[in-house]
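> What shape does this take:
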Amino acid sequence: MIYSDEELIADIKLVASKYGKNKVSIGEYNMIGKFAPNTIAKRFGSWTAAMTKAGLEYNTKEKRGKSTMDRRKHRSREVSQTLRLSMN
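As a prediction, the model looks like this:
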């Protein structure tokens, strides 16, 4: 099935709102989004372009290292908590 640009953008915005953020990473979207992130990236040319089209932010210059891993673990805990709360 082929989805419209509007459907893809609406789902990106929905996922961002569920996280309570003005940006969403590919990993975050992949956890709860309706579509495959690759589908979105291919449709708009890149994930960053899709975020721009949705009116969201996207940081492509994240430094790698221990601090990044710590942030990911922290964010993973936040997401888990948010999802548990939304399912109640």
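> any low-confidence regions in the chain?
In the predicted model of the chain, residues 59-70, 74, 86-88 satisfy pLDDT under 70.
> Could you count how many residues lie near Arg71?
Neighbourhood size, Arg71 [other CB atoms under 10 Å]: 12. Using the backbone N, CA and C atoms, a C-beta is placed for each residue, glycine as well.
> Then Ala41?
15.
> Now do the helices in the protein.
5-19, 26-32, 37-44, 47-53, 66-87 (DSSP state H).
> Of those, which stretch is the most buried?
Compared across the helices of the chain, helix 47-53 shows the largest average neighbour count, a mean of 18 (mean count of other CB atoms under 10 Å).
> So what touches that one?
Residues from elsewhere that reach helix 47-53 (CB atoms under 8 Å, 6 or more residues apart in numbering): 5, 8-9, 12, 23-24, 26, 37, 40-41, 43-44, 57-58, 60.
> mind redoing it with 10 Å?
Outside helix 47-53, the residues that touch it by CB atoms under 10 Å, 6 or more residues apart in numbering are 5, 8-9, 12, 16, 22-26, 29, 37-46, 56-60.
> any idea how far Leu56 is from Lys73?
23 Å (CB to CB, to the nearest Å).
> next one: phi and psi at Ala36?
Ala36 has phi and psi values of phi -70, psi 130 when expressed as degrees, to the nearest 10.
> That one is in contact with Asp11, isn't it?
No - here Ala36 does not reach Asp11: they are 11.1 Å apart, not a contact under CB atoms under 10 Å.
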